[in-house]
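Trainee: Pasting the sequence and the predicted coordinates here, then a few questions.
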Amino acid sequence: MNRRAVVAMMEHETNTFSPVPTPLSRFGSPDVPTGPEVYRRFKGTGTGIGAFLDVADEAGMEIVTPVAGNAAPSGPVESHAYQAMCDAIMDAVQAGCDVCFLDLHGAMVTETTDDGEGGLLKRIRDAAPDLPIAISLDLHANITPEIVENTDVIVGYKTYPHLDMYEAGHHAGRIMVDALDRKVTPVMAWGQRPVLAQTLRMGHDDEPMGSMIAMARQAEEAGLLAVSVFGGFPLADFHNAGLSVVTVADGDRGEAQEVAERLLGEAWRRRDEWLFEAEPLEHAIARAGQMEEGPVILLDHADNAASGGTQDTVAVLQEVMRQGLENVAMFGICDEAAIDAMTAAGVGNEVTIELGGKVDMPEIGREGEPLTVTGKVRSLTDGDFIVTVPMGRGTTMSMGRSGVLQTGNVEIVVVSRQTEPYDPGCLRSVGIEPLHKRYIILKSRIHFRAGFSDIAAAEVPCNGVGVTSSDNSLFTFRKVRRPIFPLDPDCPERPNYA
């Protein structure tokens with residue numbers, strides 16, 4: 001009899017400082033896929049769940065797909081949304097299965113629990129104590145005891161931008177299949193260091209993350225089944241947020257623990273390198289203005305949709321316009337009211353709108369500040385396009401109703417759904433060719449490299465306004481364990497949190 005596999009996805013990176021709500025509808029477009037629709041949408045895609053489906057198919061398993069929810073980062077997940085997805089997965093597990101493959105993020109905070117993934121995994125383990133469970137996690141996962149203790153195999157992404165989502169899922173899935181076939185006996189070890197690392201220091205081509213990932217790969221080449229370095233997501237304010245390492249060995253827990261401690265020691269030794277220092281915004285734009293070759297990517301990283309930003313602050317755009325940079329494209333401002341006004345005006349017509357600034361950000365003490373602009377509507381679309389870069393290849397990007405407003409030297413993409421610009425399709429689908437632009441403002445941090453690194457002449461971080469800022473002084477951390485570096489500069493390597 002074929003083994004029965006439950007394959008599901010429940011992904012969300014929660015920014016507890018974000019004012020953007022996270023209802024169930026945010027986990028799918030136009031709806032959250034369930035049942036056979038999950039297989040139809042995700043089979044053959046460059047995703048973790050796509051990999052799990054391939055692994056289960058390759059092993060001749062009967063596949064049950066209860067739900068596949070993936071929401072763009074935002075505020076805490078609404079209780080109903082979390083409950084609905086967990087219940088769907090639990091129903092499938094309790095109906096009987098031989099293995100469970102879960103594509104998770106690892107930084108989900110909900111209205112009712114600070115550890116969304118750990119809560120789900122504990123429910124599964126309590127209901128099915130002997131069920132083999134393999135999960136793939138984001139590089140920015142905040143690992144907790146509940147996640148590790150209730151799982152058999154954990155593999156995290158080794159790239160940021162996340163070009164290896166599929167590879168991580170396939171890696172975890174193959175270890176689990178080998179375990180089911182009694183070819184290996186996976187045992188895990190994990191540990192943390194008290195470091196709230198900055199996201200802008202976690203790119204796999206940057207230091208110190210690049211060296212940490214190289215160490216992880218070397219340990220795998222030396223015989224460990226899997227080694228994952230998790231930079232953590234510092235804007236999910238709860239006890240276990242921060243940097244961690246998970247290792248998987250074949251039967252030798254001591255070996256797994258030794259490697260985990262070696263990597264953690266290196267991460268702690270280089271703790272100062274995990275911090276990002278921003279230059280003043282006006283200096284960054286002026287520096288970009290002196291660059292002779294383009295496109296130059298201007299990173300509006302403090303308002304990044306893929307970290308929970310509102311995607312409607314205008315500080316960087318305003319400064320670019322003030323300094324008179326020419327031939328500029330911007331992606332993008334999330335503003336449904338602006339799209340309504342552009343639609344009413346029609347393509348080719350001029351319109352004056354209050355752009356952005358619709359959402360207040362009480363956690364950083366800022367009210368929305370719109371920018372009055374007059375421009376011509378260049379295009380209007382439904383906002384859908386197919387992702388072509390390895391990160392999520394084959395999935396549909398849904399920006400919501402979208403359009404381009406040209407004002408002066410800047411073409412501004414306006415969307416109605418928060419969207420991370422990691423695929424050039426976000427510009428090309430609305431009629432902008434990025435190769436023809438001198439400057440491209442992107443509300444991104446590192447993910448933009450997935451689709452823009454090959455065409456970018458340079459990248460310039462621009463310290464604008466938003467709830468994804470790298471300035472820790474803007475945020476009041478209430479729940480993260482203390483002491484922790486850099487909030488507590490004199491924090492010891494091994495604090496006593498008892």
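Mentor: Right, received. Where do you want to start?
Trainee: residue contacts, the residue positioned nearest the centre of the chain?
Mentor: Note on the chain: the residue nearest the mean C-alpha position is residue 306, at 5.3 Å, using CA atoms, centre = their mean. Applying CB atoms under 8 Å, 6 or more residues apart in numbering, we find residue 306 in contact with 13, 72-73, 420, 422, 444-445, 447. In this view, the C-beta of every residue, glycine as well, is placed from N, C-alpha and C.
Trainee: please redo it, this time with the cut-off set to 7 Å
Mentor: Contact analysis of residue 306 by CB atoms under 7 Å, 6 or more residues apart in numbering lists 72-73, 420, 444-445, 447.
Trainee: Of the residues you listed, which pair is most distant in space?
Mentor: Using CB to CB, the contacts of residue 306 span at most 13.6 Å, a distance reached by 72 and 445.
Trainee: the more surrounded of the two?
Mentor: Neighbours were counted for residue 72 and for residue 445 using other CB atoms under 10 Å; residue 445 has more, 28 against 23.
Trainee: Which secondary structure state is assigned to that one?
Mentor: At residue 445, secondary structure determined by DSSP: H, G, I helix; E, B strand; the rest coil is coil.
Trainee: Please look at it and residue 199 and confirm they touch.
Mentor: Yes. Residue 445 is in contact with residue 199 according to CB atoms under 7 Å; the separation is 5.5 Å.
Trainee: who touches both of those two?
Mentor: Contacts common to residue 445 and residue 199, judged by CB under 7 Å, 6+ apart, are residue 307.
Trainee: Where is the longest strand in the protein?
Mentor: Looking across the chain with DSSP state E, the single longest strand is strand 371-381.
Trainee: helices and strands around the helix or strand just after that one, which ones?
Mentor: Downstream of strand 371-381, the next assigned helix or strand under DSSP states H and E is strand 384-386. Under the contact definition 3 or more CB pairs under 7 Å, 6 or more residues apart in numbering; DSSP states H and E, strand 384-386 sits against strand 396-398.
Trainee: ok, residues contacting the strand it packs on?
Mentor: Under CB under 7 Å, 6+ apart, the answer for strand 396-398 is 29, 383-387, 417, 419, 423, 425.
Trainee: Mind putting those into CSV with pLDDT?
Mentor: Formatted as CSV, the contacts of strand 396-398 follow (pLDDT from 0 to 100):
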residue, pLDDT
29, 81
383, 97
384, 96
385, 97
386, 96
387, 96
417, 96
419, 96
423, 97
425, 97
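Trainee: Among these, name the buried ones.
Mentor: Buried subset of these (neighbour count, 16 or more other CB atoms under 10 Å): 29, 383, 385, 387, 417, 419, 423, 425.
Trainee: So which of those is the closest to residue 247?
Mentor: Closest to residue 247, out of all of those and judged by CB to CB, is residue 387, at 31.4 Å.
Trainee: Residue 351 and residue 312, how far apart?
Mentor: Here residue 351 is placed at a distance of 18 Å from residue 312 (CB to CB, to the nearest Å).
Trainee: neighbour-wise, which of those two wins?
Mentor: residue 312 (28 against 18).
Trainee: what's downstream of the lowest-mean-pLDDT helix or strand in the chain, the next helix or strand?
Mentor: Ranked by mean pLDDT, DSSP states H and E, the helix or strand of the chain with the weakest confidence is strand 396-398, at a mean of 94. Next along the chain after strand 396-398, taking DSSP H and E as the criterion, comes strand 402-407.
Trainee: Figure out how far that next one is from the centre of its chain.
Mentor: 26 Å (CA atoms, centre = their mean, to the nearest Å).
Trainee: need the contact list for the closest residue to residue 352 other than its chain neighbours.
Mentor: Spatial nearest neighbour of residue 352, excluding adjacent residues (CB to CB, 6 or more residues apart in numbering): residue 374 at 4.4 Å. Residue 374 sits next to 350, 352, 407 when contact means CB under 7 Å, 6+ apart.
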